[in-house]
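1. sequence unknown, structure follows:
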């Protein structure tokens with residue numbers, strides 16, 4: 001029984017590791033688009049460039065129809081955490097107005113992206129990776145269900 005619980009734990013670690021690497025590979029567009037806004041967000045420029053605003057528009061679309069807001073938040077945190085100069089919170093709040101848009105994703109260096117309302121489209125899933133993750137999650141669910149049934153019976 002203990003061995004089975006250990007196997008379940010290892011499977012959960014494996015599944016979460018696959019999700020992490022999958023997410024990191026999906027940051028490419030964020031890594032391409034977001035740096036154009038860093039000069040403004042760190043205070044080097046008094047207004048965001050046209051390219052920054054255009055990329056914010058693209059990131060908004062990805063947040064709503066592609067990658068999802070939580071993943072974009074995670075990618076931005078991953079990119080800027082610990083870098084100098086730091087992003088200024090007041091400039092983050094000015095960005096939507098200066099670009100004449102809104103933000104469909106949070107921008108922060110230290111935020112719990114998991115707490116952000118999240119809608120994720122399956123549009124960008126890599127089929128082989130998503131299939132593996134889904135299969136492992138189903139397998140793990142079946143093992144846990146079996147353990148619960150054994151515990152109820154015994």
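-> On my side now, so go ahead. As the structure is a computational prediction, the values presented were derived from the model and not from experiment.
2. and the residue lying closest to residue 113 once chain neighbours are set aside, how far is that from residue 67?
-> Nearest residue to residue 113 in three dimensions, chain neighbours excluded: residue 73, at 3.8 Å (CB to CB, 6 or more residues apart in numbering). For every residue, glycine as well, the C-beta is placed using N, CA and C. Distance of residue 73 to residue 67, computed by CB to CB, to the nearest Å: 10 Å.
3. again with residue 28
-> The value you get for residue 28 to residue 67, if CB to CB is used, is 10 Å.
4. quick one, what contacts the residue nearest to residue 113?
-> Residues in contact with residue 73 (CB atoms under 8 Å, 6 or more residues apart in numbering) are 105-108, 111, 113, 116.
5. buried sites along stretch 40-53?
-> By neighbour count on 16 or more other CB atoms under 10 Å, the buried set for stretch 40-53 is 40-42, 48, 52-53.
6. just the endpoints, please. Distance across that stretch?
-> Counting by CA to CA, to the nearest Å, you get 11 Å between the two ends of stretch 40-53.
7. not counting that stretch itself, show me its contacts.
-> So stretch 40-53 is contacted by 36-37, 39, 56, 85-88, 91-92, 95, 98-101, 107 (CB under 8 Å, 6+ apart).
8. please say which of residue 28 and residue 67 ends up with more neighbours.
-> Remark: of residue 28 and residue 67, residue 67 carries more neighbours, 24 against 10, as counted by other CB atoms under 10 Å.
9. element containing that one, please.
-> For residue 67, there is no helix or strand it lies in under DSSP states H and E.
10. that one touches residue 31, doesn't it?
-> No: with contact defined as CB atoms under 8 Å, residue 67 does not reach residue 31; the gap is 11.9 Å.
11. tell me how far the residue nearest to residue 113 lies from residue 46.
-> Residue 73 is 26 Å from residue 46, by CB to CB.
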